[in-house]
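Colleague: Need coordinates for the below:
(chains A and B)
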Amino acid sequence: MLRRAIWLLFFLFFVASLAPAQQPQQAVATTHLKVGDVAPDFTLPDQNGTPVKLSDFRGKKNVVLAFYVLAFTGG
Amino acid sequence: MVLGISVDSRFANKEFAEKIGVKFPLLSDFTRKVSKEYGILDDERQFARRTTFVVDKEGKIQHIEAGGGAIDPTGAIQMCSMLKQKETK
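Modeller: Okay, the predicted model is just below:
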């Protein structure tokens, strides 16, 4: 009886130690960029195919870069 | 100036822009190059994580909002008005 209890305890510890490893790793990695860094320049086409260059706004406008996940996903 | 960026094709962005009625440019980072450079490409799923950067007139990053916080534009809006105030001083 005692032996079974010990085995059960052992088994439970074993399961408990496995559990965290089975959880999917959360994608917590965010950008390496920091406040004060120069924003990497880029040229990308807008929805009409017109190229938009970030550095074209330099000295003219503040820019909000809003990266969104995918179109049609409410984000 | 607001620029939306995603890894969608520009055709998807055009339809998306029309559907939700945005007037600002939606940029297509189809090759994922820019998302990678900004360090926000989700390696597994190959799309950009929701992140907002506020870039000032000198091209410097003034504010970063990542994850769930980036849905709420309050932080970005506050930073923009702060930058505007700085300019008028």
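Colleague: ranges for the helices of chain A?
Modeller: Listed in chain order, the helices of chain A (DSSP state H) span residues A:2-22.
Colleague: residue furthest from the geometric center of chain A?
Modeller: In chain A, the residue that sits farthest from the middle, by C-alpha atoms, centre = their mean, is residue A:1; the gap is 49.7 Å.
Colleague: Could you give me the buried positions within stretch A:31-42?
Modeller: Neighbour-count burial for stretch A:31-42 flags A:31, A:33, A:39, A:42 (criterion: 16 or more other C-beta atoms under 10 Å in any protein chain shown). To be clear about C-beta, it is placed using only N, CA and C from the backbone, and glycine gets the same treatment.
Colleague: where are the low-confidence patches of the chain?
Modeller: By default, I'm working from chain A. Along chain A, segments meeting pLDDT under 70 span A:18-29, A:71-75.
Colleague: other chain: chain B
Modeller: B:68-71, B:88-89.
Colleague: any chance you could map the helices in it?
Modeller: Remark: helices assigned in chain B by DSSP H are B:10-20, B:33-37, B:74-88.
Colleague: what sits up against the second one?
Modeller: I take that to be helix B:33-37. Helix B:33-37 has contacts (C-beta atoms under 8 Å, 6 or more residues apart in numbering or on different chains) with A:40, A:42, A:44, A:67, B:5, B:7, B:29, B:41, B:47, B:48.
Colleague: I'd like the buried residues of stretch A:31-42 as JSON lines, with distance to residue B:80 appended.
Modeller: What follows is the buried residues of stretch A:31-42, written out as JSON lines (distance: C-beta to C-beta, whole Å):
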{"residue": "A:31", "distance to residue B:80": "19"}
{"residue": "A:33", "distance to residue B:80": "18"}
{"residue": "A:39", "distance to residue B:80": "15"}
{"residue": "A:42", "distance to residue B:80": "20"}
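Colleague: quick one on the thing from earlier: deepest-packed of the helices of chain B, please.
Modeller: For the helices of chain B, average neighbour numbers computed from mean count of other C-beta atoms under 10 Å in any protein chain shown are highest in helix B:33-37, which has a mean of 18.
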